[in-house]
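K.L.:
show me how the following folds:
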Amino acid sequence: MALKITVIGTGYLGATHAAAMAELGFEVLGLDVVPEKIEMLSAGRVPMYEPGLEELLAKHVAGIEGSSGRLRFTTSWEEIGEFGDVHFVCVNTPQKHGEYACDMSYVDSAFESLAPVLTRTALVVGKSTVPVGSAQRLAELLAEKAPGDVELAWNPEFLREGFAVQDTLHPDRVVVGVTSERAEKLLREVYATPVGEGSPFVVTDYPTAELVKTAANSFLATKISFINAMAEICEAADGDVVKLAEAIGHDERIGKKFLRAGVGFGGGCLPKDIRAFMARAGELGVDQALTFLREVDSINMRRRGHMVELARDAVGGGSFLGKRVAVLGATFKPDSDDVRDSPALNVAGQIHLQGGQVTVYDPKGMENARRLFPTLGYADSALEAVRGADVVLHLTEWREFRELDPAALGEVATSRIVLDGRNALDGGKWREAGWTYRAMGRPRA
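P.N.:
Numbers count the residues shown, from 1 in each chain. This is a model prediction of the structure:
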């Protein structure tokens with residue numbers, strides 16, 4: 001008999017995983033404790049922007065004309081318990097307020113609510129990013145409180161915002177932390193399609209599976225901060241960090257990815273994951289092993305301050321008072337509406353607090369940005385954001401911004417000065433249109 005799958009938590013991770021599991025052919029039931037979210041998903045709509053996700057939901061959500069009907073949503077724990085053979089827990093683990101450690105309350109609450117309704121044989125699979133050691137504790141909770149024969153596995157997610165659907169259906173690896181052959185067999189059945197297409201299937205223990213996600217994010221954060229540290233050196237030495245990155249990227253041991261210098265990383269994963277990793281290392285008594293991550297974090301945050309200083313220099317080197325600043329970008333990365341810990345909004349907010357008149361435009365992040373920074377100005381287009389600006393800051397590398405017409409923007413700007421915080425614009429094209437082009441880590445570009 002075909003496996004039935006449930007997904008606990010229907011935020012960014014959960015909604016994507018539920019839709020992808022339906023696409024892989026499984027009957028899926030998603031649960032969330034927020035009724036409004038369930039209503040939205042049941043209508044085939046998503047509470048966030050993720051390319052391809054809404055189309056995938058429409059293809060499978062029950063009740064939508066022409067859908068497979070394989071995907072439904074509920075707020076009932078009892079229904080989840082009766083329905084599922086494999087239960088994926090996909091709830092959030094944000095950073096604790098005022099601390100580096102992650103907040104496990106949502107995960108703990110989900111397991112506390114799920115365990116009592118598991119009256120038959122089932123596999124619970126954790127996908128949330130948690131401190132190492134959490135899986136063992138949660139396995140013991142299930143053993144104590146679940147009436148049925150229930151096992152736990154840990155299956156970390158590696159989704160990139162903007163590519164989440166692709167990353168779920170065609171993962172570059174599937175990692176499972178298990179304690180039995182039965183759990184491994186069930187997860188091989190769940191991921192049979194991508195594994196059949198060539199995705200590696202890595203079987204390990206709980207602690208290693210938990211560490212894979214935080215180790216991967218820590219490595220990526222380190223690589224980004226490394227090239228940003230090189231950008232600082234290039235600024236001082238009159239070098240060009242883009243050419244430097246190109247040259248070292250040809251070394252196959254280093255690779256070209258994640259070597260674009262700029263205002264640094266943000267979002268809901270990398271910053272909080274490396275901080276939680278440091279906090280957990282301290283709890284385990286091996287904090288010295290990860291002290292380098294403090295400098296990684298410090299370099300990253302320093303880039304934001306550096307962009308503010310570049311903007312100050314561009315408007316005369318004194319006060320921002322009376323100066324109009326256009327900010328292109330609000331999300332932490334393109335192809336997303338996520339503004340959590342966004343470098344773009346952080347820079348905009350700092351300039352605003354220092355007296356600048358800041359106007360922001362972003363293709364998808366405007367609504368979320370307004371909620372987070374209601375005192376900033378917002379425009380309906382890049383052209384309107386730039387109108388009357390003394391300086392333009394490019395802070396999120398949307399394709400729309402790369403394709404802008406610098407000449408048209410120059411007609412409405414007060415001063416033709418553009419600061420490229422992502423090293424993604426064609427500097428030659430902007431200079432031809434009469435702009436002073438300045439990019440981070442490229443003082444002579």
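K.L.:
tell me if Asp167 really is in a strand.
P.N.:
No: counting by DSSP: H, G, I helix; E, B strand; the rest coil, Asp167 falls outside a strand, being helix.
K.L.:
which SS class is the closest residue to it other than its chain neighbours?
P.N.:
Nearest residue to Asp167, sequence neighbours excluded (C-beta to C-beta, 6 or more residues apart in numbering): Leu159, at 4.9 Å. Backbone N, C-alpha and C define where each C-beta goes, glycine included. Under three-state DSSP, Leu159 falls in the coil class.
K.L.:
identify the residues contacting Leu159.
P.N.:
Leu159 sits next to Tyr12, Leu13, Thr16, Asp167, Thr168 when contact means C-beta atoms under 8 Å, 6 or more residues apart in numbering.
K.L.:
now do 10 Å
P.N.:
Neighbour list for Leu159: 12-13, 16-17, 20, 50, 127, 165-168, 171, 269 [criterion: C-beta atoms under 10 Å, 6 or more residues apart in numbering].
K.L.:
list the residues that contact Ile5.
P.N.:
Counted by C-beta under 10 Å, 6+ apart, Ile5 has contacts 17-18, 21-22, 24, 26-30, 70-71, 83-88, 123, 125, 190.
K.L.:
just those: which are in strands?
P.N.:
Glu27, Val28, Leu29, Gly30, Leu71, Val86, His87, Phe88, Leu123, Val125 (DSSP state E).
K.L.:
burial of the fifth one, as a residue count?
P.N.:
It stands for Leu71. Leu71: 29 surrounding residues under other C-beta atoms under 10 Å.
K.L.:
correct me, but it touches Lys59?
P.N.:
Yes: between Leu71 and Lys59 there is a contact under C-beta atoms under 10 Å: 8.8 Å.
K.L.:
name the residues contacting each of the two.
P.N.:
Ala19, Ala22, Glu23, Gly44.
K.L.:
what's the most distant pair in the residues you listed?
P.N.:
Using C-beta to C-beta, the pair of the shared contacts of Leu71 and Lys59 lying farthest apart is Glu23 and Gly44, separated by 13.8 Å.
K.L.:
mind listing the shared neighbours of these two?
P.N.:
Overlap of the contact sets of Glu23 and Gly44 (by C-beta under 10 Å, 6+ apart) consists of Leu56, Leu57, Lys59, His60, Leu71.
K.L.:
so which of those sit within helices?
P.N.:
Judged by DSSP state H, the subset of those located in helices is Leu56, Leu57, Lys59, His60.
K.L.:
from those residues, pick the one nearest Thr119.
P.N.:
For these, the nearest to Thr119 is His60 (27.3 Å; C-beta to C-beta).
K.L.:
quick check: pLDDT value at that closest one.
P.N.:
Note on His60: pLDDT of 97.
K.L.:
could you verify my assumption that it touches Phe73?
P.N.:
No: using C-beta under 10 Å, His60 is not in contact with Phe73; the gap is 11.3 Å.
K.L.:
what do the two both touch?
P.N.:
Ala18, Val28.
K.L.:
and after the longest helix along the chain, which helix or strand comes next?
P.N.:
Taking DSSP H as the assignment, the helix of the chain that covers the most residues is helix 206-237. The element immediately downstream of helix 206-237 (helix or strand, assigned by DSSP states H and E) is helix 241-249.
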